[in-house]
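Trainee: sequence and computational prediction follow.
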Amino acid sequence: MPEGDTVFRAAQRLRTALAGRTLTRSDFRVPRYATVDLVGERVEEVVSYGKHLFIRTDRVSIHTHLKMEGVWRVFHRGQRWTKPAVTARAVLANDEFEAVGFSLGKVQVLLRADEHTVIDHLGPDLLGPEWDPAEALRRLAEYPRRAVGLALLDQRNLAGIGNIYRSEICFLRKVHPVTPVGDIPDLAALVDESHRVLGKAAHEPPWRAMVYGRTRRSCPRCGTPIASQLLGEDESADRITQRERGIFFCPKCQPPP
């Protein structure tokens with residue numbers, strides 16, 4: 001599943017193509033919004049919050065979530081799409097550009113006043129201008145017996161972390177992912193590491209994983225083969241599920257609690 005850095009960069013691309021321009025076409029290929037017509041409306045801004053993306057006019061907010069396979073791509077008008085048209089779920093165009101959301105997991109057209117209902121339950125956005133480490137720390141510490149690998153993945157604590165970065169953050173802090181949050185000696189440092197890692201991934205791509213997806217390869221610190229397991233899931237899951245939802249760690253650098 002795309003993580004906060006991917007959505008952040010998607011918002012940047014869409015902002016360049018759409019912000020400040022008037023829509024000449026809008027096409028929502030989901031039943032609930034199939035009749036919505038935004039032609040003539042001016043896109044004011046495009047922003048992300050965690051894994052959520054919002055394209056705002058003065059009247060509405062187009063909310064999308066990529067889920068597992070979604071992607072936004074920008075084309076010059078008349079340029080051939082690079083993915084099958086049947087997978088397009090939202091199309092927004094102006095005189096110069098066409099933005100197409102393919103295989104989007106969620107598409108909503110909300111009144112601007114209702115946009116907050118989508119994100120009210122989320123923790124602080126790691127890539128947002130109002131990032132609040134104290135609030136993130138408070139939310140994590142509220143459930144001290146929860147495994148940190150699950151707590152980092154919970155968007156109600158910090159918005160933007162997925163499977164990749166929870167493994168990387170725990171590795172950098174030398175914390176085993178099953179360690180209870182309350183047993184981590186410097187939880188504030190883990191919060192700061194989360195902010196640093198996701199910020200670096202968003203602003204300085206490409207990010208090279210140190211442990212994620214590297215089962216049986218050597219740990220970059222000590223040379224021990226990297227291990228992986230499912231956390232809070234069915235441990236009999238297949239290899240694809242193991243890669244997509246599993247945690248990766250160094251058994252030596254990150255000893256279990």
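Mentor: Looks like it arrived, so ask away.

Trainee: give me the spatial nearest neighbour of I119, chain neighbours excluded.
Mentor: Leaving aside its sequence neighbours, I119 sits nearest to Y49 (C-beta to C-beta, 6 or more residues apart in numbering; 5.1 Å). In this view, the C-beta of every residue, glycine as well, is placed from N, C-alpha and C.

Trainee: do I have it right that that neighbour meets G123?
Mentor: No - if you go by C-beta atoms under 8 Å, Y49 and G123 don't touch, sitting 10.5 Å apart.

Trainee: quick one, which of these two is more surrounded?
Mentor: Legend: neighbour count by other C-beta atoms under 10 Å for Y49 and G123, higher for Y49 (24 against 21).

Trainee: residue contacts, that one?
Mentor: If you count contacts by C-beta atoms under 8 Å, 6 or more residues apart in numbering, Y49 has them with I119, L122, D125, G128, A159.

Trainee: what sits against R73?
Mentor: Neighbouring residues of R73 by C-beta under 8 Å, 6+ apart: W81, T82, K83, A99, V100, F102.

Trainee: before we move on, back to that, let me have the contacts of Y49 in TSV, extended by neighbour count and pLDDT.
Mentor: Shown next, in TSV, are these (neighbours: other C-beta atoms under 10 Å; pLDDT from 0 to 100):
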residue	neighbour count	pLDDT
I119	16	97
L122	19	98
D125	25	98
G128	16	97
A159	25	98
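
Trainee: in the sheet, who's paired with the residue nearest to I119?
Mentor: Per DSSP bridges, the residues bridged to Y49 are H52.

Trainee: distance check, it against C253.
Mentor: 33 Å (C-beta to C-beta, to the nearest Å).
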